[in-house]
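*Asks:* have a look; sequence and predicted model below, questions after that.
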Amino acid sequence: MLFRKLLPSDFPVEILHLVRDMKKRATHAPIFIETQSGVLVQSGNSSDFTAQDSSSYLAVKQRGIELQELYQKNDLLISPTSYLSKLIGDTSSLSDSWLCNDHSCDTALQLFSLSQLDRVAKAALPLGVSVQSKKYLGALLTGSLDLLSREQSKAKDTLWELELWQVLVGMGIHASLEEPDIVVSFDGARIGIACKKFYSENNVSKVLSQAVSQFEGDFDFGIIAINLDDLTPANTILKARSMSQMFEVISQLNDSFIIKHERHLRKYLEMGRAISALVSTAVIADVPTTKPRFFNSRQSTIWNIPGLAIDKEKQMRNFFNAVNAAHA
């Protein structure tokens, strides 16, 4: 069992200090199927893109303060009873205790609050001040923002949109928050990205159909962006013996979903109704053999099928090449 429950006694606080660390990697592989005559035919391409990230306590505390200020500038109040308020409070307490060299009240659970706040703040701070920003910031307060629980909420749906938006921007891709959820542009062409967060594997076909309907008709090119964070076990982190094992586990989560629901995905990809599916999972990882030991890690798998129309193949390559270049 690589996902383990959060037991504070298992994680001595004295080794939990995080430093700024951003690492990326990419792997690629063709997908083959066997025909009735026993011939292997390439049926698709799968590319895994991984990013792991951690920050100092003080840096995350500062981002929490900036996030509070951003809410104030947008005339929004973070309720003291909200989960976001808890994340900010836990992070401030942990950062202050390290600055004062007093760890008597530190807990490992505070570290996991800090990791969650880091994700939220990085996704939300670039919003700035506007009517649109107020809408997204308000949505982050709607329902649970506990990224370790498995409660469905508008807040977590919105976070997935904001995180992917910032992931794409960080890759140098021109991306904007607009219908269907995100729009990216290459050579004057606009690709609509519909973001879907799964909380169970029920009704996958229906959710995919809804995603395609969000961009079909308004865009010539569309991508389905699927988030699987909430399909991992509740209140756990991923503990791995090595970085390679961590990569393998997260990759298997994405691949298992694709394999299990391949028939539904092919329904939209083979006909070119969507040029690609992006499947992404983010976890808090614990790799005791590395420094830092704890960090946020995300792995995204891009799956596409050969044989698209020339214009769609071109836009698929534009998107793929931009993502691949950012992970080189």
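*Replies:* Sure, I can see it. Given the structure is predicted, the values throughout are model-derived calculations rather than measurements.

*Asks:* and the next helix or strand past whatever helix or strand Lys135 lives in?
*Replies:* Secondary structure assignment for Lys135, by DSSP states H and E: helix 131-139. Proceeding N to C from helix 131-139, the next assigned helix or strand is helix 154-170, under DSSP H and E.

*Asks:* tell me the angle of that following helix relative to helix 131-139?
*Replies:* Computed by axes from the mean of the first three to the mean of the last three Cα atoms, to 10 degrees, the angle separating helix 154-170 from helix 131-139 equals 130 degrees.

*Asks:* other SSEs contacting helix 154-170?
*Replies:* Secondary-structure packing of helix 154-170 (3 or more Cβ pairs under 8 Å, 6 or more residues apart in numbering; DSSP states H and E): helix 108-124, helix 131-139, strand 174-177, strand 182-186, strand 189-197, strand 221-227, strand 276-286. C-betas here are computed from N, CA, C, even on glycine.

*Asks:* circling back: mind giving me the packing neighbours of the helix holding Lys135?
*Replies:* helix 57-73, helix 154-170.

*Asks:* what's the angle between it and helix 108-124?
*Replies:* Orientation check (the same axes, to 10 degrees): helix 131-139 against helix 108-124 gives 160 degrees.

*Asks:* what are the buried residues along helix 131-139?
*Replies:* Across helix 131-139, burial judged by 16 or more other Cβ atoms under 10 Å covers Ser133, Lys134, Tyr136, Leu137, Ala139.

*Asks:* swap in stretch 252-272?
*Replies:* Buried residues in stretch 252-272 (16+ other Cβ under 10 Å): 253-255, 257-258, 261-262, 264-265, 267-269, 272.

*Asks:* swap in stretch 177-186?
*Replies:* Leu177, Pro180, Asp181, Ile182, Val183, Val184, Phe186.

*Asks:* likewise stretch 281-295?
*Replies:* For stretch 281-295, by 16+ other Cβ under 10 Å, it's Thr281, Ala282, Val283, Ile284, Ala285, Asp286, Val287, Thr290, Pro292, Arg293, Phe294, Phe295.

*Asks:* follow-up on the earlier one: return the most buried member of the helices and strands packed on helix 131-139.
*Replies:* Among the helices and strands packed on helix 131-139, the stretch with the highest mean neighbour count (mean count of other Cβ atoms under 10 Å) is helix 154-170, at a mean of 21.

*Asks:* shouldn't Asn254 be in contact with Ala282?
*Replies:* No - the criterion here is Cβ atoms under 8 Å, and Asn254 misses it with Ala282 at 11.1 Å.

*Asks:* using CSV, lay out the helices and strands packed on helix 154-170 together with mean pLDDT and distance to Leu84.
*Replies:* CSV is the format used below for those (pLDDT from 0 to 100; distance: least, Cβ to Cβ, whole Å):
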stretch, mean pLDDT, distance to Leu84
helix 108-124, 93, 7
helix 131-139, 98, 10
strand 174-177, 97, 20
strand 182-186, 96, 23
strand 189-197, 97, 18
strand 221-227, 98, 19
strand 276-286, 94, 17
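
*Asks:* SS state for Thr301?
*Replies:* strand (DSSP: H, G, I helix; E, B strand; the rest coil).

*Asks:* adding distance to Leu58, write the helices and strands packed on helix 154-170 out as JSON lines.
*Replies:* Formatted as JSON lines, these follow (distance: least, Cβ to Cβ, whole Å):
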{"stretch": "helix 108-124", "distance to Leu58": "11"}
{"stretch": "helix 131-139", "distance to Leu58": "24"}
{"stretch": "strand 174-177", "distance to Leu58": "29"}
{"stretch": "strand 182-186", "distance to Leu58": "31"}
{"stretch": "strand 189-197", "distance to Leu58": "31"}
{"stretch": "strand 221-227", "distance to Leu58": "29"}
{"stretch": "strand 276-286", "distance to Leu58": "19"}
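
*Asks:* okay, strands next: where are they in the stretch 201-328 of the chain?
*Replies:* Using DSSP state E, counting those that start in this stretch, the strands of the stretch 201-328 of the chain run over residues 221-227, 236-239, 276-286, 294-304.

*Asks:* ranking these by burial, who's on top?
*Replies:* strand 221-227 comes out most buried of these by mean count of other Cβ under 10 Å, with a mean of 26.

*Asks:* if I pick Ala121, what's in contact with it?
*Replies:* Residues counted as contacts of Ala121 (Cβ atoms under 8 Å, 6 or more residues apart in numbering) are Val60, Arg63, Gly64, Glu66, Leu67.

*Asks:* do you know the pLDDT at the residue lying closest to the third one once chain neighbours are set aside?
*Replies:* Among residues not flanking Gly64 along the chain, Ile88 sits closest, at 4.2 Å (Cβ to Cβ, 6 or more residues apart in numbering). What the model reports for Ile88 is a pLDDT of 97.

*Asks:* again with Ser56
*Replies:* Looking at Ser56, its pLDDT reads 83.

*Asks:* now stretch 300-318: buried residues?
*Replies:* Here stretch 300-318 shows Ser300, Thr301, Ile302, Trp303, Asn304, Ile305, Leu308, Lys312, Lys314, Gln315, Met316, Asn318 as buried, counting by 16+ other Cβ under 10 Å.

*Asks:* ok, Val283 touching Asp229?
*Replies:* Yes - between Val283 and Asp229 there is a contact under Cβ under 8 Å: 7.4 Å.
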